[in-house]
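A.B. asks: Have a look; sequence and predicted model below, questions after that.
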Amino acid sequence: MYLSKKASIEGALFEGEAVILGPTVIGRGSIVGFYSVIGYPTLSKVRGSRASVETYDEVSEGARIGEDCFVRSNSVVYERVIIGNRVQTGHFVLIREESQVGDGTLIGTNSLIDGRVRIGSEVSIQSGVYIPPMSVVGDRVFLAPFVVITNDKYPPSRRLLGVVIGDDAVIGANSVLVSGVRIGEAAVVAAGAVVTKDVPPGRVVMGAPARVVGTRDEYERKKKEYEGQTSSIPP
Amino acid sequence: MYLSKKASIEGALFEGEAVILGPTVIGRGSIVGFYSVIGYPTLSKVRGSRASVETYDEVSEGARIGEDCFVRSNSVVYERVIIGNRVQTGHFVLIREESQVGDGTLIGTNSLIDGRVRIGSEVSIQSGVYIPPMSVVGDRVFLAPFVVITNDKYPPSRRLLGVVIGDDAVIGANSVLVSGVRIGEAAVVAAGAVVTKDVPPGRVVMGAPARVVGTRDEYERKKKEYEGQTSSIPP
Amino acid sequence: MYLSKKASIEGALFEGEAVILGPTVIGRGSIVGFYSVIGYPTLSKVRGSRASVETYDEVSEGARIGEDCFVRSNSVVYERVIIGNRVQTGHFVLIREESQVGDGTLIGTNSLIDGRVRIGSEVSIQSGVYIPPMSVVGDRVFLAPFVVITNDKYPPSRRLLGVVIGDDAVIGANSVLVSGVRIGEAAVVAAGAVVTKDVPPGRVVMGAPARVVGTRDEYERKKKEYEGQTSSIPP
């Protein structure tokens, strides 16, 4: 257990063994899981230090985590990350430097927020999602399990370009959003799609490469019908 | 290291630092890896507790792990999970609450069993597989690396519907099984497929959306031929 | 913290709590992250031991890590792994037994090198990549996030066959390379592709199943043009 003397963690709770570095702020009622590290310094600082918990504590600028958050076990949050209130993460989550996460957002187990990412409020990021640097995710977006977002159209290139996802968009499981595409507000990407072009607001796309196959209104109608059906799962 | 006084762990082995919570039962000859947590309480209990290892121990109902199992390092097993005998997991594995895993099943590194999942015996779950709540996996099923199963057809909806995979089915790498589909006994799903409809028993499907392209018998004939060939890997 | 007395770790640096087993060698200036385990013994030895950190230390043959490497936190490196100089790994990385990693290679967060894998020098493995036993990866290869490589064409079979990736190849995000395929030197696999046949050197393939759609020269021309454009990311 290592709790930095520079950290402001009054009212925060710790499951057990964990490492809190630098002037990290953790709000009242927030929980930090077992074997997690908060305020991890970026590479340039690590290289310049003697790489021990004490030197990391010296060089870390800390992370800011709001109130009533829950960072589950075996997770790592880098310095200069800003997390709002009521944010919950799963286990084995990585949130790298300079990322921002809005209030009430969920980040599922094994998801990677790979630095310099802006994520809105009330977003639902399911398990195993990959969000690279320069990505922008709007409010109330739903990212299904194992969505992969990229930021390099012709890897490895010298020009990284983030994906921008509009408010209320739904991105299906195991789909790929290629560097630079813009997903319009309330658009829907079907499971397994490979999105290589911008998706207009309120449209549903499917396939590889993804093409428009319908509208969000139709999707919502089908959803309502589906929700009205009784479950066919065996008891 | 935290070993609950309520736990029954006689004859179990611990690699080193680990956390065992509540009335967890671990059978003779089973090994728990470094930095693992067994009996992790569900969210509602955590919220009601003061979130420390002691309060978790108080509220946890424990997990049951059979004999001669091996939970490798940095893994998390929730309370009310029931694991049979001779079950092996890789590293960084999460098994959430109320999941059942049959005898002799393997669960690969980074795989996530996301709660309320029934998994049969002698199942082989390779690395990075995602199995959401309400999924049912039969006996001797093979799930290749990074299979993604979903439980919401129109996310985010109010009706979650599990996938049911019949005995002896083979699911190829990085394929997606969409919420509610039933994979028949001994069916085969090719790598990269997106399965949106039920697959009849003994059929092979391929593509996105997946379509029937052959039978298990043909698959087995091709496999026999393939197994007879000598390796073309350079020395 | 457990540092084997048999380990040669003079000049290596430790962030904090970690486990170093057997005659592991870690070069000068290399850093081992929090909650990492180096020199983890293979299954057959674990089964024969009493599964404690002391017995693991006795049976482990150790790993070799060169100089100026950085193994980030919560990672596991097995015995008989040989890692060159200036190799960096992300968090939650697993490198299993008898794998070799060349100088200057990067291995991203959550990537799994699943044993008996040969990886060249200056390779860039992004996050969440899966590389199974018997795979061979050349020099300067780029593996985008969540590439999945397989080694069994008709799973579960008795004949595992590795994928061979030539020098300078680029493999796109979330693509699948099916067991036994050879990716030629400087070939490019587009994001989301499912590669079922060999890819000739210098060709670009796309789709599922992947087909040749162009050449690396064309790809490089497009990349140059793309790199010349100004960013369209909002400030």
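C.D. replies: Yes, it's here. Numbering: from 1, shown residues only, chains lettered A, B, ... in the order given.
A.B. asks: where does chain A dip in pLDDT?
C.D. replies: For chain A, the stretches with pLDDT under 70 are A:48, A:230-235.
A.B. asks: longest helix of it?
C.D. replies: Determined from DSSP state H, the single longest helix within chain A is helix A:216-228.
A.B. asks: Is residue A:84 in contact with residue A:107, as I believe?
C.D. replies: No - using CB atoms under 8 Å as the test, residue A:84 is too far from residue A:107 to be in contact (11.8 Å). For the C-beta atoms, the positions are set from N, CA and C on the backbone; glycine is no exception.
A.B. asks: got any residues that touch both of these two?
C.D. replies: Counting by CB atoms under 8 Å, 6 or more residues apart in numbering or on different chains, the common neighbours of residue A:84 and residue A:107 are residue A:101.
A.B. asks: so who does residue A:124 touch?
C.D. replies: Residue A:124 neighbours (CB under 8 Å, 6+ apart): A:105, A:106, A:141, A:142, A:143, B:156.
A.B. asks: Just give me the closest of those to residue C:193.
C.D. replies: Closest approach between the contacts of residue A:124 and residue C:193, by CB to CB: residue A:143, at 22.0 Å.
A.B. asks: Bridge partners for the closest one, pull those for me.
C.D. replies: Beta-bridge partners for residue A:143, by DSSP bridges, are residue A:125, residue A:171.
A.B. asks: ok, it - contacts?
C.D. replies: Going by CB under 8 Å, 6+ apart, residue A:143 touches A:123, A:124, A:125, A:126, A:129, A:131, A:137, A:171.
A.B. asks: Please name the bridge partners of the residue with the shortest distance to the centre of chain A.
C.D. replies: The centroid of chain A falls nearest to residue A:113 when counting by CA atoms, centre = their mean (4.7 Å). Residue A:113 forms beta bridges with residue A:95, residue A:131, as assigned by DSSP bridges.
A.B. asks: just checking, it touches residue A:98?
C.D. replies: No - counting by CB under 8 Å, residue A:98 is not a contact partner of residue A:113; they are 10.4 Å apart.
A.B. asks: What ranges does chain A have for its helices?
C.D. replies: If DSSP H is used as the criterion, the helices of chain A fall at A:43-48, A:53-59, A:216-228.
A.B. asks: Any chance of CSV for those helices, columns mean neighbour count and distance to chain C?
C.D. replies: Output for the helices of chain A, formatted as CSV (neighbours: other CB atoms under 10 Å in any protein chain shown; distance: least, CB to the nearest CB, whole Å):
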stretch, mean neighbour count, distance to chain C
helix A:43-48, 14, 7
helix A:53-59, 18, 4
helix A:216-228, 14, 22
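A.B. asks: can you give me the end-to-end distance of stretch A:167-185?
C.D. replies: The straight-line separation of the ends of stretch A:167-185 (CA to CA, to the nearest Å) is 5 Å.
A.B. asks: Kindly report the same for stretch A:194-209.
C.D. replies: Length of stretch A:194-209, first residue to last, CA to CA: 5 Å.
A.B. asks: what do you get for stretch A:168-188?
C.D. replies: Start to finish, the residues bounding stretch A:168-188 are 9 Å apart (CA to CA).
A.B. asks: Could you tell me how far that stretch lies from the centre of the chain?
C.D. replies: Distance of stretch A:168-188 from its chain centroid, counting by CA atoms, centre = their mean, to the nearest Å, is 14 Å.
A.B. asks: again with stretch A:166-182
C.D. replies: Mean-position distance between stretch A:166-182 and its chain equals 13 Å (CA atoms, centre = their mean).
A.B. asks: now do stretch A:178-195
C.D. replies: Averaging C-alpha positions (CA atoms, centre = their mean) puts stretch A:178-195 16 Å from its chain's average.
A.B. asks: Next, the buried residues of it.
C.D. replies: Neighbour-count burial for stretch A:178-195, counted by 16 or more other CB atoms under 10 Å in any protein chain shown, picks out A:178-195.
A.B. asks: Could you confirm whether any residue of that stretch contacts chain C?
C.D. replies: Yes - residues of stretch A:178-195 contacting chain C under CB under 8 Å from any CB of the partner chain: A:178, A:180, A:194.
A.B. asks: Which one of the residues you listed is nearest to chain C?
C.D. replies: Chain C has its nearest neighbour among the residues of stretch A:178-195 next to chain C in residue A:194, at 3.6 Å by CB to the nearest CB.
A.B. asks: Show the end-to-end separation of stretch A:101-115, please.
C.D. replies: In stretch A:101-115, first residue to last residue: 11 Å (CA to CA).
A.B. asks: May I ask which of the contacts of residue A:143 has the most neighbours?
C.D. replies: For the contacts of residue A:143, the largest number of neighbours (other CB atoms under 10 Å in any protein chain shown) sits with residue A:131, at 32 neighbours.
A.B. asks: show me the contacts for it.
C.D. replies: A:111, A:112, A:113, A:114, A:117, A:119, A:125, A:137, A:143, A:149.
A.B. asks: The fourth one: how many residues sit nearby?
C.D. replies: As a burial measure, the neighbour count of residue A:114 was computed by other CB under 10 Å and equals 25.
A.B. asks: next one: the second one
C.D. replies: The local packing of residue A:112 (other CB under 10 Å) involves 28 other residues.
A.B. asks: Surely it and residue C:110 touch.
C.D. replies: Yes - here residue A:112 lies in contact with residue C:110, judged by CB under 8 Å, at a distance of 6.4 Å.
A.B. asks: joint contacts of these two?
C.D. replies: In terms of CB under 8 Å, 6+ apart, residue A:112 and residue C:110 are both contacted by the residues A:94, C:127, C:128.
A.B. asks: which ones among the residues you listed come in contact with chain B?
C.D. replies: Contacts with chain B within the shared contacts of residue A:112 and residue C:110, counted by CB under 8 Å from any CB: residue C:128.
A.B. asks: now, among the shared contacts of residue A:112 and residue C:110, which is nearest to chain B?
C.D. replies: Taking the shared contacts of residue A:112 and residue C:110 together and measuring to chain B by CB to the nearest CB, the closest member is residue C:128, at 7.4 Å.
A.B. asks: Surely the closest one is in contact with residue C:146?
C.D. replies: Yes - in this structure, residue C:128 is within contact of residue C:146 by CB under 8 Å, at 4.3 Å.
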